[in-house]
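S.K.: sequence unknown, structure follows:
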């Protein structure tokens with residue numbers, strides 16, 4: 001027998017002995033006999049009680065692996081559920097020989113029927129709180145004290161291969177009695193197909209969430225890639241669909257779909273979403289985002305948004321709220337609306353810089369298009385600089401600031417309107433025709449508090465406006481003067497087919513805002529027939545107006561019979577506007593008009609007598 005054959009026979013014999021030993025270990029040695037020792041070691045190392053109701057099996061060929069049957073970790077005493085965590089079965093295996101070349105090859109990692117119950121009692125104690133100090137913790141502290149940082153080195157591997165990971169039918173329940181809240185996540189299914197470093201791997205996830213007030217179904221799938229350094233994680237076309245249901249949502253349901261691509265750099269704590277495509281409530285949002293993670297993250301973004309109709313979105317929510325509000329009031333009972341304070345303290349937790357463009361926005365029936373919205377948030381202060389939009393055939397340019405550093409937010413706004421058509425704007429806003437014409441306006445407003453009451457009562461500012469080639473609708477001043485004059489003269493008032501409006505070539509004024517009152521000191525309206533000037537106030541808290549105007553006739557105003565009312569050219573006719581903003585009362589000051597008329601008659605008679 002040659003030496004070569006002898007070596008082959010010896011190797012074959014050793015292999016046979018090795019296989020026999022492995023078979024003996026796996027077939028003869030029953031790990032179920034060692035359950036008490038396993039349970040004891042778990043309690044020593046974690047302080048938790050482990051219960052293994054299922055069988056334990058293991059194998060060495062072709063890989064080192066095990067399966068574990070029904071198992072649970074018991075809750076400490078004083079908690080309602082018996083188990084903190086439990087599962088029906090778990091399986092994993094690992095190839096031994098690749099470890100020698102710094103390669104990790106893992107078979108299918110599978111866990112079925114996982115349940116996790118997190119409970120916080122009314123006294124604030126949670127079943128996740130660390131149990132009393134364990135023997136293992138003391139040992140770890142002693143070891144860490146002996147280790148030197150210079151001797152520790154990061155673990156590196158050449159490759160990591162996993163045949164797959166699956167979590168089937170898992171459930172998580174979170175109950176907090178200090179907050180009187182309970183949430184559950186059920187039907188959790190997670191699948192990661194054959195995985196290898198630096199390669200794209202398919203991934204999928206589904207779950208159902210119930211917070212008590214809101215329910216949601218989640219579906220997600222896409223690809224991920226993990227670098228060999230284990231420091232960079234790519235996600236490629238990760239699609240997610242969320243269907244949310246709840247009474248507080250528009251139309252009681254909300255569907256969200258998005259697809260993102262990007263990566264996370266763990267070493268530099270950096271996130272880059274190179275592509276974002278989001279659809280929510282019929283609104284499409286596309287763009288990109290990057291963030292440097294820190295105690296205060298720095299975020300930069302650029303997004304383009306499609307048409308946004310907030311009136312349509314919140315119509316269902318508003319109707320539902322009104323119904324519930326009506327149901328909550330008993331007969332004869334008056335419930336005052338409570339203002340909800342708006343808290344902007346969260347603005348101190350982020351630094352943000354970005355640009356948002358919006359095709360169109362509709363809110364309170366007002367529409368603007370081509371919105372250009374640059375945003376910067378730094379140290380709790382937000383600036384929207386050079387906001388631009390097309391607004392009712394004109395342009396809007398605005399600067400807005402928000403300061404969330406104090407408990408009561410501060411704000412400021414400077415805005416300029418150019419060439420805006422007033423009639424469609426006011427008609428959309430108030431559903432009535434009040435004024436027409438092209439308007440230019442500038443204003444500067446600042447104040448404290450963002451609730452409705454504060455916006456009305458704590459705002460201060462000033463501005464000016466100029467309308468051209470328009471009309472004030474709902475009042476015909478010329479006809480009002482004609483009819484009032486006819487009454488004074490005892491004439492019969494004839495019906496008129498004239499439009500109920502007062503045309504003008506220009507209408508200008510300025511305003512000051514303080515303590516909930518808008519003051520107009522210099523109103524002027526010019527037309528070929530009339531000159532109107534005066535002043536007044538508008539109280540935006542109780543929504544009332546009080547204006548006193550003087551009207552002068554500069555053109556030819558005809559009376560009831562068609563004859564010119566030349567006498568009125570000599571008079572300043574007082575005009576009053578008073579009452580609610582919703583339905584103001586417009587009238588001539590008849591007393592002053594008669595006084596002026598009598599004074600002129602006396603003067604004329606006196607002049608005539610003196611000239612004799």
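M.R.: Nice, thanks for sending it over. Because the structure is a prediction, the values reported are computed rather than measured.

S.K.: Tell me how many other residues crowd residue 476.
M.R.: Applying other C-beta atoms under 10 Å, we find 20 residues neighbouring residue 476. Placement of C-beta: from N, CA and C, glycine included.

S.K.: need the contact list for it.
M.R.: By C-beta atoms under 8 Å, 6 or more residues apart in numbering, residue 476 lies in contact with 498-502.

S.K.: Quick check: it vs residue 499, distance?
M.R.: Counting by C-beta to C-beta, to the nearest Å, the gap from residue 476 to residue 499 is 7 Å.

S.K.: Name the nearest residue to the residue nearest in space to the middle of the chain, sequence neighbours excluded.
M.R.: Nearest residue to the geometric centre of the chain (C-alpha atoms, centre = their mean): residue 280, 11.6 Å. Distance criterion C-beta to C-beta, 6 or more residues apart in numbering; nearest residue to residue 280, sequence neighbours excluded, is residue 256 at 4.7 Å.

S.K.: Okay, and the beta partners of that neighbour?
M.R.: residue 242, residue 280 (DSSP bridges).

S.K.: you'd agree it is up against residue 220?
M.R.: No - look at residue 256 against residue 220 with C-beta atoms under 8 Å: they stay out of range, at 11.4 Å.

S.K.: so what sits against both of these two?
M.R.: By C-beta under 8 Å, 6+ apart, the residues touching both residue 256 and residue 220 are 240-241.

S.K.: any idea how far residue 46 is from residue 120?
M.R.: In terms of C-beta to C-beta, residue 46 sits 20 Å off from residue 120.

S.K.: repeat for residue 111
M.R.: 25 Å.

S.K.: Please enumerate the helices of the stretch 1-150 of the chain.
M.R.: 3-28, 35-46, 135-146 (DSSP state H, counting those that start in this stretch).

S.K.: Going C-terminal from the helix or strand that contains residue 427, what's the next secondary structure element?
M.R.: Per DSSP states H and E, residue 427 falls inside helix 422-430. Note on helix 422-430: by DSSP H and E, the next helix or strand toward the C-terminus is strand 435-448.

S.K.: So which bits of that following strand are buried?
M.R.: Across strand 435-448, burial judged by 16 or more other C-beta atoms under 10 Å covers 435-443, 445, 447-448.

S.K.: For those, which two are the farthest from each other?
M.R.: The most widely separated members of the buried residues of strand 435-448, counting by C-beta to C-beta, are 436 and 448 (35.4 Å).

S.K.: how far away is the closest residue in space to residue 384 that isn't next to it in sequence from residue 115?
M.R.: Distances taken as C-beta to C-beta, 6+ apart put residue 400 closest to residue 384, at 4.1 Å, once the chain neighbours are dropped. Relative to residue 115, residue 400 is positioned 49 Å away (C-beta to C-beta).

S.K.: again, but for residue 215
M.R.: 19 Å.

S.K.: Of those two, give the one with the bigger neighbour count.
M.R.: residue 115 (19 against 15).

S.K.: The more buried one is in contact with residue 88, isn't it?
M.R.: No - with contacts counted by C-beta under 8 Å, residue 115 stays clear of residue 88, the gap being 9.1 Å.

S.K.: For residue 514, list each beta-bridge partner.
M.R.: Beta-bridge partners of residue 514, as defined by DSSP bridges: residue 517.

S.K.: and the residue lying closest to residue 538 once chain neighbours are set aside, how many neighbours?
M.R.: The shortest distance from residue 538 to any non-neighbouring residue, by C-beta to C-beta, 6+ apart, is to residue 518 (4.4 Å). Each residue near residue 518 was counted by other C-beta under 10 Å, and the total is 18.

S.K.: Might one say that residue 518 is in contact with residue 536?
M.R.: No - using C-beta under 8 Å, residue 518 and residue 536 do not qualify as a contacting pair, with a distance of 9.2 Å.

S.K.: Surely residue 83 touches residue 75?
M.R.: Yes - the pair residue 83 / residue 75 is scored as a contact, 6.3 Å apart, by C-beta under 8 Å.

S.K.: what residues are shared contacts of these two?
M.R.: Residues touching both residue 83 and residue 75 (C-beta under 8 Å, 6+ apart): residue 117.

S.K.: Point out where the stretch 251-400 of the chain drops to low pLDDT.
M.R.: Within the stretch 251-400 of the chain, the stretches with pLDDT under 70 are 316-341.

S.K.: Now for the residue nearest to residue 280, how many residues are close by?
M.R.: Using other C-beta under 10 Å: residue 256 sits among 15 other residues.

S.K.: what residues are up against it?
M.R.: 240-244, 278-280.

S.K.: from those residues, which would you call buried?
M.R.: Buried subset of those (neighbour count, 16+ other C-beta under 10 Å): 240-242, 244, 278-279.

S.K.: Which residues lie in contact with the nearest residue to residue 472 once chain neighbours are set aside in this structure?
M.R.: Nearest residue to residue 472 in three dimensions, chain neighbours excluded: residue 502, at 4.7 Å (C-beta to C-beta, 6+ apart). Taking C-beta under 8 Å, 6+ apart, we find residue 502 in contact with 471-472, 475-478, 525, 527, 530.

S.K.: Adding distance to residue 360, secondary structure and pLDDT, write these out as JSON lines.
M.R.: Converted to JSON lines, those look like this (distance: C-beta to C-beta, whole Å; DSSP: H, G, I helix; E, B strand; the rest coil; pLDDT from 0 to 100):
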{"residue": "471", "distance to residue 360": "28", "secondary structure": "strand", "pLDDT": "92"}
{"residue": "472", "distance to residue 360": "29", "secondary structure": "strand", "pLDDT": "89"}
{"residue": "475", "distance to residue 360": "34", "secondary structure": "coil", "pLDDT": "84"}
{"residue": "476", "distance to residue 360": "36", "secondary structure": "coil", "pLDDT": "82"}
{"residue": "477", "distance to residue 360": "37", "secondary structure": "helix", "pLDDT": "83"}
{"residue": "478", "distance to residue 360": "40", "secondary structure": "helix", "pLDDT": "78"}
{"residue": "525", "distance to residue 360": "33", "secondary structure": "strand", "pLDDT": "93"}
{"residue": "527", "distance to residue 360": "35", "secondary structure": "coil", "pLDDT": "88"}
{"residue": "530", "distance to residue 360": "39", "secondary structure": "strand", "pLDDT": "84"}
